[in-house]
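Colleague: Sequence unavailable; structure follows:
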Ligand code: GAL
């Protein structure tokens, strides 16, 4: 691995690198050397260890056995295997939670979560901070010194399993948080709308996070504030860990954490605390018994590309800390089929296509004990050779070829982005009127972009986002930002003046940053941007016919929730509603601002509607491909491979084609490419076997057959 790995909060490796999650504490130490040897033989170069091993370092309070992993570390060093070391705070030991029950998380009734699973602690107990910091410091002093330790993972999957916290210390810390933010109770009461239902607070100690109420409803503005607080608490807890390790870190060692979960602002977490994000990628969830609807139909495992797009919005080049390598299943839930031949390679290539330069498989060997006895790793219980290990060898050969072709560091290339922000994500999660709309429209746009083969990014607002940051994109889709601040509208206005296009859907701009609905015409600050006024609005109920809009004679669905529109200040009507009591009234209005455009659509975006926007606005599909079957994903990574003497840049374009089906697929090409895996020149078309993946390099960049 390259020493200067920290650039723009991206993982920075010279090679596409494979790794694996390993649990020395689960196995007889007699197996370690053979495991490491076989890892190496299969192309594994990195192991991640210790994230659940607190007991091994401190079996009883204050009794430290910090060097417990030393014999394993020495064997890894001898075998030439590098190590990502973890802080083990995701699983506090039983002695700790018994003696200090205040460290436990609790449900909204205040009942604590007990020992026996994991992630049962809270982020705000001073005792947990004290004991965690003490252990982490000792681990950092001891393990940073190993030359093969390349970095640290903090905790494990922050906010996974449980992303709400209601222990006494959480309520207390929330009070402190709002006190610092709002300064006076009058301010707090006003912004939280506590005048409603007599919720006015007269003492800070009366304020709580969510608690059990009749109907389980809580003040929505305080719920939004509560989520901001949870994010803040999680980031503070991880920052304490990072600050404890950093003084002992060598310049070539990184700090990261794994996974993306609710109620956490990763756009803050990464620059404030981490060097880059890593993701835990389990595409096989799509085939489990309790699959979620967004993964259904022909999206299934391809839906991981939705998640990977989110990862890229945090760190454009990232690592996969846990990549699925077998069927998943706990003893009580989530049973999944065995990945079919080729699927493990396909999912690896999918992650790489979206920007992963490190892929670490979960896990080396399936554990024979505990909750995860059905969560398979590369090796089965038997430890005998198997099909997945053979597939791993193939993956290793292919990743070596990708490295040779110079892929490491290349960034996913997209000219369109879906705008998102945490305020709307969190407010929407509590809002039955707005929340489900956003989810459905994100799904519609994702499916549309995928099937039209138009690469897109998610762009998450940061507090310091400027129009300049958005200019890399030709068009932005901001499906339903109920909360749209004046500042953000101004940034979008500047972006439009410079030539950008912004597309909004219904329910835009009717809330303020506290989730309140101010007295002003709708759609709030989007009004000027699109030359539109919302005159009426309605949820489409069970007795409403499916709603359509007619755009240039074409019928497009306008589902779920309609804003009935009227043009003003330069707004131009492009489509009208068809059906319901507002038949014939404007459904789509656009306005020209500077060199750009603002569009306001008075409906949600299903796949059909989003595809119509893509076609009518001429959004560009991946270049060099003519006929790509819908079931195949096309993704591109690009980087500057050379700067010529005259200063012109030569861009390397790596086009990934991913076949998620059990059928062979053919992709027609309009330009000659080199197939990175066969080193052959391909022209005319390329065949993809069932679950196949190819990477084509544009011959203009590297030359055919080189
Ligand atoms: C991840 C977690 C791992 C393991 C895996 C399979 O979410 O980080 O520790 O539990 O899922 O369940």
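Modeller: Here it is on my side, so go on. Since the model is a prediction, treat every value here as computed from it, not as a measurement. Numbers count the residues shown, from 1 in each chain.

Colleague: When you work out contacts or count neighbours from here on, use the C-alpha atoms and nothing else.
Modeller: Noted.

Colleague: now the helices: where do they sit in the stretch 551-700 of the chain?
Modeller: According to DSSP state H, counting those that start in this stretch, the stretch 551-700 of the chain carries its helices in the segments 607-616, 699-702.

Colleague: any chance of those in JSON lines, plus distance to residue 668?
Modeller: As requested, the helices of the stretch 551-700 of the chain are exported to JSON lines (distance: least, C-alpha to C-alpha, whole Å):
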{"stretch": "helix 607-616", "distance to residue 668": "20"}
{"stretch": "helix 699-702", "distance to residue 668": "16"}
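
Colleague: Which of these comes out lowest on mean pLDDT?
Modeller: When those are compared on mean pLDDT, helix 699-702 scores lowest, with a mean of 49.

Colleague: Surely residue 46 touches residue 79?
Modeller: No - Residue 46 is not in contact with residue 79 according to C-alpha atoms under 8 Å; the separation is 10.7 Å.

Colleague: Compare these two and say which is more crowded by neighbours.
Modeller: Remark: of residue 46 and residue 79, residue 46 carries more neighbours, 27 against 18, as counted by other C-alpha atoms under 10 Å.

Colleague: what about the strands in the stretch 351-500 of the chain?
Modeller: 356-362, 411-412, 416-420, 456-460, 475-478 (DSSP state E, counting those that start in this stretch).

Colleague: so of these, which one's packed in deepest?
Modeller: strand 356-362 (a mean of 28; mean count of other C-alpha atoms under 10 Å).

Colleague: what's stretch 651-659 in contact with?
Modeller: 346, 349-350, 353, 407, 631-642, 665, 688-698, 701-702 (C-alpha atoms under 8 Å, 6 or more residues apart in numbering).

Colleague: I misspoke; the intended subject was stretch 393-403.
Modeller: Against stretch 393-403 from outside (C-alpha under 8 Å, 6+ apart): 14, 15, 16, 17, 18, 42, 43, 345, 348, 408, 676, 677.

Colleague: Can I get those in TSV including pLDDT, neighbour count and secondary structure?
Modeller: Below are these laid out as TSV (pLDDT from 0 to 100; neighbours: other C-alpha atoms under 10 Å; DSSP: H, G, I helix; E, B strand; the rest coil):
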residue	pLDDT	neighbour count	secondary structure
14	92	17	coil
15	96	21	coil
16	97	25	coil
17	97	22	strand
18	98	26	strand
42	98	19	coil
43	98	19	coil
345	98	23	helix
348	98	27	helix
408	97	26	coil
676	97	23	coil
677	98	17	coil
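
Colleague: In the sheet, which residues pair with residue 255? Tell me.
Modeller: residue 152 (DSSP bridges).

Colleague: Now tell me which helix or strand of this protein has the poorest mean pLDDT.
Modeller: Here the helix or strand of the chain ranked lowest by mean pLDDT, DSSP states H and E is helix 699-702, holding a mean of 49.

Colleague: Next one: residue 285 relative to residue 326, how far apart?
Modeller: 11 Å (C-alpha to C-alpha, to the nearest Å).

Colleague: Those two - which one has more neighbours?
Modeller: residue 326 (27 against 24).

Colleague: hang on, that one packs against residue 373?
Modeller: No - judged on C-alpha under 8 Å, residue 326 makes no contact with residue 373 at a distance of 12.0 Å.

Colleague: what helices or strands is the helix or strand hosting residue 238 leaning on?
Modeller: Assigned by DSSP states H and E, residue 238 belongs to helix 220-245. Helices and strands touching helix 220-245, by 3 or more C-alpha pairs under 8 Å, 6 or more residues apart in numbering; DSSP states H and E, are helix 126-143, helix 168-182, helix 266-273, helix 422-429.

Colleague: ranking those by mean pLDDT, which is last?
Modeller: Minimum mean pLDDT among those: helix 266-273, a mean of 93.

Colleague: Outside of that helix itself, list whatever touches it.
Modeller: 9, 235, 238, 239, 242, 260, 276, 277, 314, 460, 462.

Colleague: ditto for stretch 174-193
Modeller: Outside stretch 174-193, the residues that reach it (C-alpha under 8 Å, 6+ apart) are 195, 200-205, 207-209, 219, 221-222, 226, 229, 514, 516.

Colleague: quick one on the thing from earlier: which of the strands of the stretch 351-500 of the chain sits closest to residue 59?
Modeller: Set against residue 59 and scored by C-alpha to C-alpha, those come closest in strand 356-362, at 26.2 Å.

Colleague: So which elements touch the closest one?
Modeller: Using 3+ C-alpha pairs under 8 Å, 6+ apart, strand 356-362 sits against strand 17-21, strand 318-324, helix 343-353.

Colleague: Now do it, average pLDDT.
Modeller: Here the average pLDDT along strand 356-362 is 98.

Colleague: Neighbouring strands - and their directions - for that strand?
Modeller: Assessed with DSSP bridges, strand 356-362 is paired to strand 17-21 (parallel), strand 318-324 (parallel).

Colleague: tell me the most buried of these?
Modeller: strand 318-324 (a mean of 27).

Colleague: Contacts for that one next, please.
Modeller: 10-11, 20-21, 258, 276-284, 311-312, 344, 348, 351, 355-363, 377.

Colleague: pLDDT weak spots in this structure?
Modeller: 1-8, 290-297, 334, 699-706 (pLDDT under 70).

Colleague: go with 50
Modeller: 1-8, 701-706 (pLDDT under 50).

Colleague: hmm, back to that, any idea which of the helices and strands packed on helix 220-245 gets closest to residue 548?
Modeller: helix 422-429 (24.7 Å).

Colleague: So which other helices or strands are in contact with the closest one?
Modeller: So helix 422-429, by 3+ C-alpha pairs under 8 Å, 6+ apart, packs with helix 220-245, helix 435-452.

Colleague: And the ones you listed: which comes nearest residue 305?
Modeller: helix 435-452 (9.0 Å).

Colleague: Give me the angle between the closest one and strand 416-420.
Modeller: Interaxial angle, helix 435-452 versus strand 416-420 (axes from the mean of the first three to the mean of the last three C-alpha atoms, to 10 degrees): 170 degrees.

Colleague: which of the residues in helix 435-452 are buried?
Modeller: 435, 437-452 (16 or more other C-alpha atoms under 10 Å).

Colleague: Quick one: residues in contact with it.
Modeller: 294, 299, 306, 425, 427-429, 455-456, 479-480, 560-561, 604-611, 614, 621, 630-634.

Colleague: Wait, residue 234 touches residue 262, no?
Modeller: No - between residue 234 and residue 262 there is no contact under C-alpha under 8 Å: 11.1 Å.

Colleague: Good, wrapping up.
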